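**Student:** Let's see this in three dimensions:
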Amino acid sequence: LNFVKDGLRDLSISRTSFKWGVPVPDDDDHVMYVWIDALTNYVSALGYPDDGAGSNFEKYWPASLHVVGKDILRFHAIYWPAFLMAADLPLPKRLFAHGWWTKEGEKISKSLGNVIDPVDLVYTYGVDP
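**Tutor:** As a prediction, this is how the structure comes out:
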């Protein structure tokens with residue numbers, strides 16, 4: 001909450017502090033923040049901007065529950081709603097941030113290599129009926 005305590009008047013989507021990201025046309029010093037691209041995948045996966053009658057976007061958006069990890073809460077609770085409001089799109093109805101999933105006391109992480117293969121879970125526990 002401290003991030004927006006005094007209000008959020010502007011949100012820059014480009015950075016000069018690192019080089020990875022989407023280059024800003026005509027400005028070699030800036031790259032677009034990857035979150036603008038990553039978050040838009042939520043609606044583009046549903047076919048947006050095709051939002052007409054019978055479309056997946058009309059059927060599934062807004063999300064009734066948006067579930068995220070606590071380490072990416074700022075992007076989903078502040079940036080994503082700002083992007084949606086700027087595009088005049090409805091916000092997800094609820095946001096839930098979970099703690100880290102752990103395995104043997106450590107955060108599950110691709111970089112640590114301690115991930116759980118969901119296919120193995122299916123073989124062990126089956127799928128929902």
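
**Student:** ok, longest helix in this structure?
**Tutor:** helix 34-44 (DSSP state H).

**Student:** How about residues contacting that helix?
**Tutor:** Residues outside helix 34-44 that contact it (CB atoms under 8 Å, 6 or more residues apart in numbering) are 13, 20-22, 57, 61, 63, 75-76, 79-80, 83, 89. Quick note: C-beta positions are derived from backbone N, CA and C, even for glycine.

**Student:** next one: stretch 78-93
**Tutor:** Residues contacting stretch 78-93 (CB under 8 Å, 6+ apart): 3-4, 8, 11, 35-36, 39-40, 42-43, 61-66.

**Student:** Quick check: residue 96 vs residue 63, distance?
**Tutor:** According to CB to CB, to the nearest Å, residue 96 stands 11 Å off from residue 63.

**Student:** Those two: who's more crowded?
**Tutor:** residue 63 (16 against 11; other CB atoms under 10 Å).

**Student:** confidence score at residue 1?
**Tutor:** Residue 1 carries a pLDDT value of 62.

**Student:** now residue 5
**Tutor:** In this model, residue 5 carries a pLDDT of 78.

**Student:** what's the burial count for it?
**Tutor:** With other CB under 10 Å as criterion, residue 5 counts 7.

**Student:** now residue 42
**Tutor:** 19.

**Student:** Residue 39 now?
**Tutor:** The burial count for residue 39: 20, using other CB under 10 Å.

**Student:** Likewise for residue 105?
**Tutor:** Applying other CB under 10 Å, I find that residue 105 has 5 neighbouring residues.

**Student:** same check, this time on residue 93
**Tutor:** Applying other CB under 10 Å, we find 10 residues neighbouring residue 93.

**Student:** returning to what we had before: just send the contacts of helix 34-44 back as JSON lines, with pLDDT, secondary structure and distance to residue 106 too.
**Tutor:** Shown next, in JSON lines, are those (pLDDT from 0 to 100; DSSP: H, G, I helix; E, B strand; the rest coil; distance: CB to CB, whole Å):
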{"residue": "13", "pLDDT": "83", "secondary structure": "coil", "distance to residue 106": "33"}
{"residue": "20", "pLDDT": "82", "secondary structure": "coil", "distance to residue 106": "26"}
{"residue": "21", "pLDDT": "84", "secondary structure": "coil", "distance to residue 106": "29"}
{"residue": "22", "pLDDT": "85", "secondary structure": "strand", "distance to residue 106": "32"}
{"residue": "57", "pLDDT": "95", "secondary structure": "helix", "distance to residue 106": "38"}
{"residue": "61", "pLDDT": "95", "secondary structure": "coil", "distance to residue 106": "35"}
{"residue": "63", "pLDDT": "92", "secondary structure": "coil", "distance to residue 106": "30"}
{"residue": "75", "pLDDT": "87", "secondary structure": "helix", "distance to residue 106": "23"}
{"residue": "76", "pLDDT": "90", "secondary structure": "helix", "distance to residue 106": "24"}
{"residue": "79", "pLDDT": "86", "secondary structure": "helix", "distance to residue 106": "28"}
{"residue": "80", "pLDDT": "90", "secondary structure": "helix", "distance to residue 106": "28"}
{"residue": "83", "pLDDT": "88", "secondary structure": "helix", "distance to residue 106": "33"}
{"residue": "89", "pLDDT": "95", "secondary structure": "coil", "distance to residue 106": "38"}
